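>>> Using only what follows, build the 3D model:
(one chain, ligands or ions: 2)
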Amino acid sequence: MDPLMILVVDDEPLVLRSLICFFKSEGHDAHGAGTLAEAVEVIESVDLDLVLADVNLPDGTSFKLFEKIQGASPGPELVLMTGYGTIDDAVQAIKNGAADYVTKPLVDGELRMVIEKARRRRELRTENAALQSAACEEFDFNKIVANDPAMKEVLETAQAVADAQSTVLLTGESGTGKTLLARALHHNSNRCDGPFVEVACGALDDSLLESELFGHEAGSFTGAYKKRRGKFEEAHGGTIFLDEIATASPSMQAGLLRVIDDGCIERVGGTDTIRVDVRIILATNRDLAREVEAGRFREDLYYRINVLPIRLPALRERPDDIPALARHFVRAFARQANSDVQDLAPEAMNVLTAYHWPGNVRELEHIIERGVLLAEGDRIEMSDLSAEIVEETDSDRTAKVVPLKKAMEEPERRVILQALDRAGGNRDRAAELLGISRSTLFNKLGRLNINKAKARG
Ligand SMILES: Nc1ncnc2c1ncn2[C@@H]1O[C@H](COP(=O)(O)OP(=O)(O)O)[C@@H](O)[C@H]1O
Ligand SMILES: [Mg+2]
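Ligands and ions are numbered 1, 2, ... in the order given. Next up is the predicted model:
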């Protein structure tokens with residue numbers, strides 16, 4: 001079971017000791033304090049889940065702890081202990097914001113209920129955080145657009161492995177949908193009620209990342225004032241999504257290898273082993289095999305995480321997805337912006353399908369968002385797309401059609417110049433090589449404005 005961090009505050013040493021003993025025997029991490037001052041010290045240095053405090057302490061009432069706790073975010077649950085029959089104290093406690101109160105003498109069943117409540121609150125907290133960061137996202141596989149066979153195959157694989165316990169490695173260029181797929185995997189697994197915790201490994205420097213993932217003990221490094229639970233502990237019972245895994249430092253790679261091997265972590269600066277039940281999904285936009293070759297990524301770790309690799313094709317590799325995604329985003333943004341835009345003009349769609357999409361789906365999403373805002377009628381025209389994209393795709397597919405005769409001028413010119421060159425400038429010889437009459441060649445030289453100097457004789 002997931003251990004909680006508990007602080008017991010009581011001035012009776014016997015009560016204190018027996019409560020700490022009880023919590024420890026239940027597998028939790030328990031601290032003790034005999035006075036308000038001591039309690040404040042612990043609250044300030046440990047990341048707590050539950051504070052169980054006697055109302056009356058030698059140096060004041062424990063109501064004072066509320067201020068300390070409310071300042072912390074997310075704060076621990078505060079439960080007060082009152083003597084038998086002192087209902088006034090209890091009422092006062094609840095009015096002051098205590099989550100609950102219990103009357104002494106405490107029985108084990110009651111204590112377990114307190115623990116259970118604190119645990120549920122903590123789960124809600126982590127879930128809320130996860131939900132917030134993913135606000136408005138819908139996680140079903142059928143919300144993922146997949147029209148192209150290449151992408152359909154990816155989704156089939158993902159659906160097949162959603163429920164598996166094994167580690168999944170998502171690879172693909174930036175913006176291909178790795179994060180989206182990771183979320184869908186979690187929400188369609190039997191862990192969907194557990195937390196989904198996302199960590200952008202590239203966003204933090206080495207030492208911070210390690211403590212972010214594995215937590216740390218107080219004082220383990222400069223700035224680590226408080227004991228802190230890491231993302232792995234937070235993800236207990238759910239899924240952890242480690243994005244940009246290629247950037248992980250050697251020591252983090254070692255820690256990862258361990259947690260994958262035996263499901264255990266150690267907080268930075270700590271010696272205790274903590275068991276976590278977490279499904280791991282990783283993502284990278286780099287070629288990990290090459291990172292291994294270059295000595296930047298541990299080979300053993302690579303083999304451990306490359307169990308269920310899923311490669312998201314770049315958008316340019318799945319052209320049939322482009323119109324489907326474009327329309328999907330048109331609908332989504334039109335709804336959001338309360339706009340009448342319903343579709344794209346055929347020429348605009350041609351531009352989109354011809355473009356090479358270095359930023360993949362994310363780039364397409366932005367282009368459509370902008371298009372919906374710029375569109376004047378009920379569809380996005382070519383002029384509503386960014387000039388960059390239109391220029392880039394100024395290829396056969398989208399170029400203005402010119403009269404055939406004009407279009408043929410350039411290749412004709414090239415061949416004639418070649419023949420003249422081969423014939424050393426001799427027009428008769430060149431005409432012969434080209435299989436046309438001398439007069440036809442003369443006409444063409446005039447029409448194509450070919451420098452007379454090139455043609456002698
Ligand atoms: N197949 C898809 N269907 C619908 N939306 C998609 C699809 N692929 C990507 N997206 C959207 O494109 C954006 C970029 O995807 P994301 O998962 O963040 O890419 P990555 O993590 O690979 O950089 C997100 O807003 C995501 O919701
Ligand atoms: Mg991502």
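>>> Burial check on the closest residue to Ser174 other than its chain neighbours, number of neighbours?
Of all residues not flanking Ser174 in the chain, Asn285 sits nearest, at 4.9 Å (Cβ to Cβ, 6 or more residues apart in numbering). All C-beta atoms are positioned from the backbone trio N, CA, C, and that covers glycine. Residues lying near Asn285 (other Cβ atoms under 10 Å) number 18.
>>> ok, Asn285 to Ala200 distance?
From Asn285 across to Ala200, the span is 12 Å (Cβ to Cβ, to the nearest Å).
>>> On the pLDDT front, check the residue nearest to Ser174 for me.
At Asn285, the model reports a pLDDT of 95.
>>> anything in contact with each of Asn285 and Ala200?
Glu244 (Cβ atoms under 8 Å, 6 or more residues apart in numbering).
>>> Helices of the stretch 251-400 of the chain, residue ranges please.
288-293, 299-305, 321-337, 346-354, 360-374, 387-392 (DSSP state H, counting those that start in this stretch).
>>> what residues does the second one touch?
Going back to what we said before, that points to helix 299-305. 167, 169, 245, 253, 256-257, 260-261, 280, 282, 288-289, 291-292.
>>> Could you dump the helices of the stretch 251-400 of the chain into CSV and include distance to Ala218?
As requested, those are arranged in CSV below (distance: least, Cβ to Cβ, whole Å):
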stretch, distance to Ala218
helix 288-293, 35
helix 299-305, 29
helix 321-337, 45
helix 346-354, 54
helix 360-374, 40
helix 387-392, 52
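>>> Quick check: the residue nearest to Ser174 touching Leu170?
No - contact criterion Cβ atoms under 8 Å: Asn285 and Leu170 do not qualify, at 9.7 Å.
>>> Need the residues touching each of those two.
Counting by Cβ under 8 Å, 6+ apart, the shared contacts of Asn285 and Leu170 are Lys178.
>>> Now do the same contact list for the residue sitting nearest the centre point of the chain.
Central residue check for the chain by Cα atoms, centre = their mean: the C-alpha nearest the mean position is that of Thr179, 4.4 Å away. With contact set as Cβ under 8 Å, 6+ apart, Thr179 has these partners: 198, 241, 243, 283.
>>> Pretty sure the last one sits against Thr247.
Yep, that's Ala283 we're talking about. No - Ala283 is beyond contact range of Thr247, at 11.3 Å (criterion: Cβ under 8 Å).
>>> What average pLDDT does stretch 440-453 get?
Averaging pLDDT along stretch 440-453 yields 83.
>>> Apologies, that question was intended for stretch 212-229.
Rounded mean pLDDT across stretch 212-229 is 77.
>>> Now that stretch: buried residues?
Within stretch 212-229, the residues that count as buried by 16 or more other Cβ atoms under 10 Å are 212-218, 220, 224, 226-229.
>>> And stretch 349-365, by the same measure?
Buried residues in stretch 349-365, counting neighbours by 16+ other Cβ under 10 Å, are found at 349-355, 357, 360-365.
>>> Residue of the stretch 51-200 of the chain nearest ligand 2, please.
Thr179 (3.4 Å; Cβ to the ion).
>>> Sticking with that residue, tell me its helix or strand.
According to DSSP states H and E, Thr179 maps onto helix 178-187.
>>> Of the buried residues of stretch 349-365, which is the nearest to ligand 2?
The closest of the buried residues of stretch 349-365, once distances to ligand 2 are taken by Cβ to the ion, is Arg362, at 8.7 Å.
>>> separation between the closest one and Glu369?
Using Cβ to Cβ, one gets 11 Å for the distance from Arg362 to Glu369.
>>> And for Arg318?
Arg318 sits 21 Å away from Glu369, going by Cβ to Cβ.
>>> Among the two, which residue is more densely surrounded?
Between Arg318 and Glu369, counted using other Cβ under 10 Å, Arg318 has the larger neighbour count: 23 against 16.
>>> list the contacts for that one?
Counting by Cβ under 8 Å, 6+ apart, Arg318 makes contact with 148, 150-151.
>>> Check which helix or strand Phe23 maps to.
Phe23 belongs to helix 13-25 when assigned by DSSP H and E.
>>> starting at the chain centroid, how far to that helix?
42 Å (Cα atoms, centre = their mean, to the nearest Å).
>>> by how many degrees do the helix or strand following it and helix 13-25 diverge?
Sequence order places strand 29-33 as the next helix or strand after helix 13-25, per DSSP H and E. Counting by axes from the mean of the first three to the mean of the last three Cα atoms, to 10 degrees, strand 29-33 points 170 degrees away from the direction of helix 13-25.
>>> returning to what we had before: buried ones from the contacts of helix 299-305, can you make that a ChimeraX selection?
Here is the ChimeraX command that picks out the buried ones among the contacts of helix 299-305, judged by 16+ other Cβ under 10 Å:
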select :167,169,245,253,256,260,280,282,288,291,292
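>>> ok so, going back, okay, Ala283 and Thr247: which has more neighbours?
Neighbours were counted for Ala283 and for Thr247 using other Cβ under 10 Å; Ala283 has more, 25 against 19.
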